[in-house]
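Undergrad: Quick one: sequence plus predicted model below, questions after.
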Amino acid sequence: MNTIQILTVFLAQAEPTGPSPLIQFLPFILLMAGFWFLLIQPQRKKQKEHEKMITEIKVGDKIVTSGGICGTVTMVKSNRFQVKVDDNCRIEVIKSFVSARDSSAE
């Protein structure tokens, strides 16, 4: 067999290659980028704003909890707030359950 015949046999046996792996994974990569910009990034931004709001709360601020309890902060502890709900009623609320400052009372 000469060289041309060997190449002809070799090329006849070789399977054609498919698209490159990058092109195959491109839709998946675009989908993940879309999830990042539409879902994950805004949620992280909202979480950072919430953490900032919690660190800025001080004694005398009016707050609303995620359960709907409104009150005035009377003491700030490491992971909790003591909240005055009524004249003779004070409760402790975990900081992460504070949903907002109550700006309607100001």
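TA: In hand now; what should we look at? Residues are numbered from 1 along each chain as shown.
Undergrad: domain assignment for this structure?
TA: 15-56, 58-106 (automatic domain parsing).
Undergrad: Now the helix or strand residue 30 falls within: average pLDDT?
TA: Taking DSSP states H and E as the criterion, residue 30 maps to helix 21-35. Taken as a whole, helix 21-35 has a mean pLDDT of 87.
Undergrad: What's the first helix or strand after it?
TA: helix 41-56.
Undergrad: other SSEs contacting the very next helix or strand once past that following helix?
TA: Using DSSP H and E, the helix or strand that follows helix 41-56 towards the C-terminus is strand 62-65. With contacts defined as 3 or more CB pairs under 8 Å, 6 or more residues apart in numbering; DSSP states H and E, the packing partners of strand 62-65 are strand 70-76, strand 80-86, strand 98-101. Glycine gets a C-beta too; all of them are placed from N, C-alpha and C.
Undergrad: what distance separates strand 62-65 from the centre of its chain?
TA: Computed by CA atoms, centre = their mean, to the nearest Å, the separation of strand 62-65 from the middle of its chain amounts to 23 Å.
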